[in-house]
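Visitor: I'll drop the sequence and a predicted model, then ask my questions.
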Amino acid sequence: MAAEIEKSTLLTTLKTYFGYDTFRNQQREIIATVLAGTDAIVIMPTGGGKSICYQLPALHFKGLTLVISPLIALMKDQVDGLKANGIEADFYNSSQGATLQQSIINKAAAGKLKLLYVAPESLAGLSPILNENYISCVAIDEAHCISSWGHDFRPSYQQLGFLKKTLPKSPVIALTATADKATRQDIADQLNISHAQQFLSSFDRKNITLEVRAADKRLDQIKRFLAKRPDTSGIIYCLSRKTTESVSEALKVEGIEATSYHAGLSFEERNKVQEDFIYDKTQVVCATVAFGMGIDKSNVRWVIHYNMPKNLEGYYQEIGRAGRDGLKSHALLFHSYADVLQLRRFTQGAGNEEVQNAKLDRMKQYAEATTCRRKILLSYFGEFLEQDCGNCDVCKNPPQFFEGTILAQKALSTIARAKETQPIGVIIDILRGAKNAQILDTGLDQISTYGIGADVSWKDWQHYILQLINQGYCEIAFHLRNSLHLTQSSKAVLFEGKKVSLTHPTEAIKQEVLTEKK
Ligand code: ADP
Ligand code: ZN
């Protein structure tokens, strides 16, 4: 059937119902695949144009296209948009009364709908029409929600595997903006579409400048950042509700239209924040990660991460909300070691602790990178840039390396002589010959390297030791009160003359003091 649909027919449908002249990215190939009855997994960045990949085929199928979506709040908007384009669509979820729900089922059964949006937890209610007399295609939006490997796991998604079994001839198209390889595989497995054709669009968002700064006096930095960008819209992501509130309060004092958003607000309050932001009544939203999914605002000029996110998928999706209009935009991440420690505590005891820690490590590598950040970010999604991007802080201001072997030896031998029992702060105190009570009372001033690094400032030592950690010459034992330990590679530096390159502390990569109060 559908396989014979000609290219020109698809273009006509695109123009007639959506008003566009050409397909974007891989839209055409994806649509042809689905229409040929083949399952598809579509990975496309936010704003890439995923919706048309199932909305357009829906118009050519005989039966209904079922769209599984987690975003009840947005279903009405999506359906209204389709209706405005002359497409028969509706939605079915728990916000509707029984009578209304029944009338929607009746409409679908009578063949009067092309698309039906449904929340996964409401699927059971559709059982009268869950068969191939009525349904021709299943689209699963935000498909990463099915995977506990992903960053936005929803238990209600985990039952969706039954759809392929119940509707074996109907193609399934699973769509998401974020999925590393493991998550992609998990999506395919759980949905029972292991032979699905996979479509991976480029994740490069060239118009977004990437920058990382040390989390020193964050608020002051943000105020200066905003002063340079008057009247621009942006989002500040924070880890806790409390921080969203304190940051927005601090900005309001400066006369900036800021507000906070988190899961503790009522449904109505959250809606209002979103609308005010979309209609430019609020300039800045300080939010937890709960904010932004599905928000279609094209002129977000910048996204700031006040705290470090827990993985690169989440980070990428959040910064992807900037610059959807293609104009120059900015993503600024504050890197704080205290955040890393806190995130590490969150993962402790979690079922997939190892996976989460590995992801956090990748996030940290990005934040501490001394090479092009975009290369690192894209490589996470399996994409490789030939050349450095020229639009990240590392490219614009490359770090200068110097021969740091002596510094490394001093630090590593101090760690060894402290018997690998001390955290980074105490190691620095020993190196600098500090005379505080903690050092003197525990006899650490008796260590033979005591004071051999007095000529280097505390902050600089911190910068060097964090680099040694990143380069694998020592490590933090998180389970042993963050004490510094040596690694296999330490020996090569201490005893075999292995050379170590370090970078000078620049503004961009200076670290915040470990003990900073939250
Ligand atoms: P996603 O779901 O991937 O975030 P959307 O489907 O919401 O993206 O599409 C993002 C924007 O791009 C929408 O405004 C949409 O109308 C527009 N768009 C999609 N496909 C095309 C196209 N072929 N030509 C022009 N604009 C398009
Ligand atoms: Zn770069």
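Guide: Looks like it arrived, so ask away. Numbers count the residues shown, from 1 in each chain. Ligands and ions are numbered 1, 2, ... in the order given.

Visitor: For Cys53, what are phi and psi?
Guide: phi -60, psi -30 (degrees, to the nearest 10).

Visitor: Help me confirm that it comes into contact with Glu29.
Guide: No. The pair Cys53 / Glu29 is not scored as a contact, 9.6 Å apart, by CB atoms under 8 Å. Where C-beta positions appear, they are placed from N, C-alpha and C, glycine not excepted.

Visitor: who's more crowded, the two?
Guide: Set Cys53 next to Glu29 and count neighbours by other CB atoms under 10 Å: Cys53 wins out with 26 against 14.

Visitor: What pLDDT is listed against that one?
Guide: Looking at Cys53, its pLDDT stands at 98.

Visitor: For it, which non-adjacent residue is closest in space?
Guide: What sits nearest to Cys53 in space, not counting adjacent residues and going by CB to CB, 6 or more residues apart in numbering, is Ile30, at 4.6 Å.

Visitor: Sticking with the one you found, tell me its helix or strand.
Guide: Element membership for Ile30 (DSSP states H and E) is helix 27-35.

Visitor: Check what contacts that helix and list those residues.
Guide: 2-3, 5, 7, 10, 23, 40, 42, 49, 52-54, 56-57, 60-61, 137, 171, 173, 197, 199 (CB atoms under 8 Å, 6 or more residues apart in numbering).

Visitor: Give me the neighbour count for the residue lying closest to Leu64 once chain neighbours are set aside.
Guide: Nearest in space to Leu64, with sequence neighbours left out and distances taken as CB to CB, 6+ apart, is Ile135 at 5.1 Å. Neighbour count for Ile135, taken as other CB under 10 Å: 22.

Visitor: For Ile135, which residues are in contact?
Guide: Per CB under 8 Å, 6+ apart, neighbours of Ile135: Gly63, Leu64, Thr65, Leu66, Ile129, Leu167, Ser170.

Visitor: Among those, which lie within helices?
Guide: Applying DSSP state H to the contacts of Ile135, no entry is found in helices.

Visitor: could those go into CSV alongside neighbour count?
Guide: Formatted as CSV, those follow (neighbours: other CB atoms under 10 Å):
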residue, neighbour count
Gly63, 20
Leu64, 26
Thr65, 26
Leu66, 29
Ile129, 21
Leu167, 20
Ser170, 22
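
Visitor: In strands, which of the residues you listed fall?
Guide: Members of the contacts of Ile135 lying in strands (criterion: DSSP state E): Leu64, Thr65, Leu66.

Visitor: Would you check how far apart Cys137 and Leu59 are?
Guide: With distances taken as CB to CB, to the nearest Å, Cys137 is found 11 Å from Leu59.

Visitor: The two: which is more packed in?
Guide: Between Cys137 and Leu59, counting by other CB under 10 Å, Cys137 is the more crowded of the two (25 against 19).

Visitor: name the element that one belongs to?
Guide: For Cys137, the element it lies in under DSSP H and E is strand 135-140.

Visitor: what is the orientation angle of that strand with helix 27-35?
Guide: Taking axes from the mean of the first three to the mean of the last three CA atoms, to 10 degrees, one finds strand 135-140 and helix 27-35 inclined to each other by 130 degrees.

Visitor: quick one: strands adjacent to strand 135-140?
Guide: strand 64-68 (parallel), strand 172-176 (parallel) (DSSP bridges).

Visitor: quick one: is it near ligand 1?
Guide: No. In terms of CB under 6 Å from any ligand atom, no part of strand 135-140 sits within range of ligand 1; the closest distance is 11.2 Å.

Visitor: Tell me, how many residues neighbour the nearest residue in space to Leu130 that is not next to it in sequence?
Guide: Nearest residue to Leu130, sequence neighbours excluded (CB to CB, 6+ apart): Thr166, at 5.8 Å. Thr166 has 14 neighbours, counted by other CB under 10 Å.

Visitor: Quick check: the gap between Thr33 and ligand 2.
Guide: 34 Å (CB to the ion, to the nearest Å).

Visitor: got a list of what whichever residue of the stretch 51-200 of the chain sits closest to ligand 1 touches?
Guide: Closest residue of the stretch 51-200 of the chain to ligand 1, CB to the nearest ligand atom: Ser51 (3.3 Å). Shown in contact with Ser51 (CB under 8 Å, 6+ apart): Gln78.

Visitor: got the buried residues for the helix holding Ile30?
Guide: Buried residues in helix 27-35, counting neighbours by 16 or more other CB atoms under 10 Å, are found at Gln27, Arg28, Ile30, Ile31, Ala32, Thr33, Val34, Leu35.

Visitor: On the C-terminal side of it, identify the next helix or strand.
Guide: Once helix 27-35 ends, the next helix or strand along the chain (criterion: DSSP H and E) is strand 40-43.

Visitor: Give me the sheet partners of that following strand and which way each runs.
Guide: strand 172-176 (parallel), strand 197-200 (parallel).

Visitor: Out of the ones you listed, flag the one nearest Ala477.
Guide: When these are compared by CB to CB, strand 172-176 sits nearest Ala477, at 36.1 Å.

Visitor: ok, and what's touching that closest one?
Guide: 30, 34, 39-44, 50, 53-54, 57, 137-144, 163-164, 187-188, 191, 193, 196.

Visitor: Out of the residues you listed, which end up buried?
Guide: 30, 34, 39-44, 50, 53-54, 57, 137-144, 163-164, 187-188, 191, 193, 196.

Visitor: which residues does the closest residue to Gly63 other than its chain neighbours contact?
Guide: Once flanking residues are discounted, Gly63 sits nearest to Ser136: 3.6 Å by CB to CB, 6+ apart. Counting by CB under 8 Å, 6+ apart, Ser136 touches Phe61, Lys62, Gly63, Leu64, Thr65, Ser170.

Visitor: thinking again about what came up before, show me which of the contacts of helix 27-35 are buried.
Guide: Buried residues within the contacts of helix 27-35, counting neighbours by 16+ other CB under 10 Å: 2, 5, 10, 23, 40, 42, 49, 52-54, 56-57, 60-61, 137, 171, 173, 197, 199.

Visitor: what does the protein put close to ligand 2?
Guide: Contact residues (CB under 5 Å from the ion) of the chain with ligand 2: Cys372, Arg374, Asp388, Cys389, Cys392, Cys395.

Visitor: Look at the fourth one and give its secondary structure.
Guide: Secondary structure of Cys389, reduced to three states by DSSP: H, G, I helix; E, B strand; the rest coil: coil.

Visitor: What count of nearby residues applies to it?
Guide: Around Cys389 there are 19 residues (other CB under 10 Å).

Visitor: Then the third one?
Guide: Taking other CB under 10 Å as the criterion, the count of residues near Asp388 is 15.

Visitor: what do you get for the last one?
Guide: Neighbour count of Cys395, defined by other CB under 10 Å: 18.

Visitor: That one reaches Leu385, doesn't it?
Guide: No. Assessed by CB under 8 Å, Cys395 is found out of contact with Leu385, at 10.9 Å.

Visitor: Now the common contact residues for those two.
Guide: The contact sets of Cys395 and Leu385 overlap at Cys372, Arg374 (CB under 8 Å, 6+ apart).

Visitor: Per-residue pLDDT of whichever residue of the stretch 1-150 of the chain sits closest to ligand 2, please?
Guide: At 17.8 Å from ligand 2, Pro45 is the closest residue in the stretch 1-150 of the chain, using CB to the ion. We have a pLDDT of 80 for Pro45.

Visitor: does it count as helix, strand or coil?
Guide: With three-state DSSP as the basis, Pro45 sits in coil.

Visitor: quick one: it and Leu200, what's the gap?
Guide: Counting by CB to CB, the gap from Pro45 to Leu200 is 10 Å.

Visitor: same question, Leu226
Guide: In terms of CB to CB, Leu226 sits 36 Å off from Leu200.

Visitor: Comparing these two, which shows the higher neighbour count?
Guide: The residue with more neighbours, out of Leu226 and Leu200, is Leu226; 21 against 15, by other CB under 10 Å.
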